[in-house]
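[1] From the sequence below, what's the structure:
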Amino acid sequence: MRSPRVPRARSAGGRTPTVGLPANPFGYAVLATLGVGAGLVVLGAIEAVATVLVYVGLALFLALALDPGIRFLVSRGVLRWLAATMMIVGSAAVLALFVVAVLPLAVPQVGIFVTQLVDALRELPDQAWYVWTNDNLVALNLNGLLASLTELLTDPRQLTAIAGGVLQVGTGLINGVTAVVIVAALTIYFAVSLPTMVAAVLRLVPRSRRDMTGSLLTEVLESVGRYVAGQLFLATINATFTLLLTVFAGSPAPILLAVLAFVAALIPVVGTVIGSILVVLATLTVSPVAALVVAILLLVYMQVEAYVLSPRVMSRAVAVPGVLVIVAALAGAALGGILGALVAVPVAAAGLLVINRVVIPYQETR
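    I've put the predicted structure just below:
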């Protein structure tokens, strides 16, 4: 028995549509190839200027960190350019004081710390716990690991190989100085002309939405600026506490450890933990008892920072859930290293603010 014939669908003109290749397949292929080529050219251009984009982003975040202080001075009747000049000069003075007073003391401590670390590693096989661990834990080859680590710290050729050679180190220093100069110049420009930049961006928005967009953009910039400034303040407190604690414990490199603690504390969520672990491991060169005391006091400080200092300092910034902070920090670190982790949380805070102020109200009115 034959199945009934299904009539073909007809178009509005009465013609049966045909399924197959387009009228000019070669032309479509050429257009698709040109589109892919243009996309590759754009991606290559972005990759080529990636370093410049990093400089611009870092300078913008530094300018946002200075903006709360500038706004405070402007609210007291100081002109914008004068307030920006005062904040920039003050920040430059603090940075110069750090370079002149701290770095000359921290650099020699590197050699002292490495020397004491090598001596501690050489004395390690005489410790009772080391002998017991090496004899009972077959899976761990402590003697081989200790010999490799001691050779790494005492052989100049190994250290030169790790550093990438003297030439690469010198090139890195030159690039670092250039980056500092560029970021400093961009930070000054952004700090002075931030309101003008915001006004220029708002001119691209339709007039009917300009007021709402301006209010939202101002709130985002203020919240990000407060977050960056608060993170710098918390890192300073962490470094000061680490300096006092390591001096009390008799560490051979207290200033060096304080600098490491400051840099690590800038990383959200895990930075303070990483810095504390480094400080405790470095204090092992003094004695295990001193390292244990330092570990306990740093653990107490982390609780005080998490439940007392951080809520008070970050009270005016955008509240970001802890899970979002962790995810943002990990994603930023995967994309851009330490700098990406620093920038990721303020960006996540800004995105959360946009969702709360725009997306959710719009969904409620539908």
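[2] could you give me the average pLDDT of the helix or strand containing Met87?
    Using DSSP states H and E, Met87 sits within helix 80-97. On average, the pLDDT along helix 80-97 is 83.
[3] Pull the residues that contact it.
    By Cβ atoms under 8 Å, 6 or more residues apart in numbering, the residues outside helix 80-97 that reach it are Leu66, Gly69, Ile70, Leu73, Val74, Val78, Ala184, Thr187, Ile188, Ala191, Val192, Pro195. Quick note: C-beta positions are derived from backbone N, CA and C, even for glycine.
[4] Show the buried residues in those residues.
    Among those, those classed as buried by 16 or more other Cβ atoms under 10 Å are Leu66, Gly69, Ile70, Leu73, Val74, Ala184, Thr187, Ile188, Ala191, Val192.
[5] Which ones among the contacts of helix 80-97 map onto helices?
    Of those, the ones assigned to helices by DSSP state H are Leu66, Gly69, Ile70, Leu73, Val74, Ala184, Thr187, Ile188, Ala191, Val192, Pro195.
[6] Grab the nearest non-local neighbour of the second one.
    So the one you mean is Gly69. Nearest residue to Gly69, sequence neighbours excluded (Cβ to Cβ, 6 or more residues apart in numbering): Met87, at 4.9 Å.
[7] How about the last one?
    Computed as Cβ to Cβ, 6+ apart, the closest residue to Pro195 that is not its neighbour in sequence is Arg80, at 6.9 Å.
[8] for the fifth one, same thing?
    Leaving aside its sequence neighbours, Val74 sits nearest to Ala83 (Cβ to Cβ, 6+ apart; 5.2 Å).
[9] and Ser215, how many neighbours?
    Using other Cβ atoms under 10 Å, Ser215 has 11 neighbouring residues.
[10] Let me fix that, I meant to ask about Val42.
    Val42: 10 neighbours (other Cβ under 10 Å).
[11] could you list every residue that touches it?
    When contacts are counted by Cβ under 8 Å, 6+ apart, Val42 touches no other residue.
[12] Equivalent analysis for Thr242, please.
    Contacts of Thr242 by Cβ under 8 Å, 6+ apart are Pro254, Leu257, Ala258, Ala261, Gly275, Val279, Leu298.
[13] ok, and the most crowded of these?
    With neighbours defined as other Cβ under 10 Å, the most crowded of the contacts of Thr242 is Leu257; it has 28 neighbours.
[14] any idea how far that residue is from Val56?
    From Leu257 across to Val56, the span is 33 Å (Cβ to Cβ, to the nearest Å).
[15] And for Pro346?
    On the measure of Cβ to Cβ, Pro346 and Val56 end up 15 Å apart.
[16] was I right about Gly271 contacting Ala265?
    Yes - under the criterion of Cβ atoms under 8 Å, Gly271 makes contact with Ala265 at 5.0 Å.
[17] Have a look at Pro346 and Val56 and say which one is more surrounded.
    Using other Cβ under 10 Å as the criterion, Pro346 and Val56 rank with Pro346 on top: 26 against 15.
[18] Quick one: mean pLDDT for the helix or strand containing the more buried one?
    According to DSSP H and E, Pro346 maps onto helix 322-354. Helix 322-354 shows a mean pLDDT of 72 in the predicted model.
[19] in that helix, what counts as buried?
    325, 328-330, 332-333, 336, 339-353.
[20] Does it pack against any helices or strands, and if so which?
    The helices and strands touching helix 322-354, judged by 3 or more Cβ pairs under 8 Å, 6 or more residues apart in numbering; DSSP states H and E, are helix 50-75, helix 210-249.
[21] Recalculate using a threshold of 6 Å.
    Under the contact criterion of 3 or more Cβ pairs under 6 Å, 6 or more residues apart in numbering; DSSP states H and E, helix 322-354 touches helix 210-249.
[22] If I take the helix it packs on and helix 322-354, what angle do their directions form?
    Angle between the axes of helix 210-249 and helix 322-354 is 150 degrees (criterion: axes from the mean of the first three to the mean of the last three Cα atoms, to 10 degrees).
[23] between helix 210-249 and helix 80-97, how big is the angle?
    Using the same axes, to 10 degrees: helix 210-249 against helix 80-97 is 20 degrees.
[24] Next, the buried residues of helix 210-249.
    For helix 210-249, burial by neighbour count (16+ other Cβ under 10 Å) applies to 216-217, 220-231, 234-235, 237-239, 241-243, 245-246, 249.
[25] cool, stretch 24-37 as well?
    Buried residues in stretch 24-37 (16+ other Cβ under 10 Å): none.
[26] export it as CSV, just CAs?
    C-alpha atoms of stretch 24-37 as CSV (Å, rounded to 0.1, in the frame of the first residue of the first chain):
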residue,chain,number,x,y,z
ASN,A,24,27.0,32.3,-6.0
PRO,A,25,28.8,29.9,-3.7
PHE,A,26,32.3,31.2,-4.7
GLY,A,27,31.4,34.7,-3.7
TYR,A,28,30.1,33.5,-0.3
ALA,A,29,33.3,31.5,0.2
VAL,A,30,35.4,34.6,-0.6
LEU,A,31,33.4,36.8,1.8
ALA,A,32,33.7,34.1,4.6
THR,A,33,37.5,33.9,4.0
LEU,A,34,37.9,37.6,4.1
GLY,A,35,35.8,37.8,7.4
VAL,A,36,38.0,35.1,9.0
GLY,A,37,41.2,36.9,7.8
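[27] Could I get the average pLDDT for that stretch?
    For stretch 24-37, mean pLDDT is 77.
[28] now stretch 238-252
    87.
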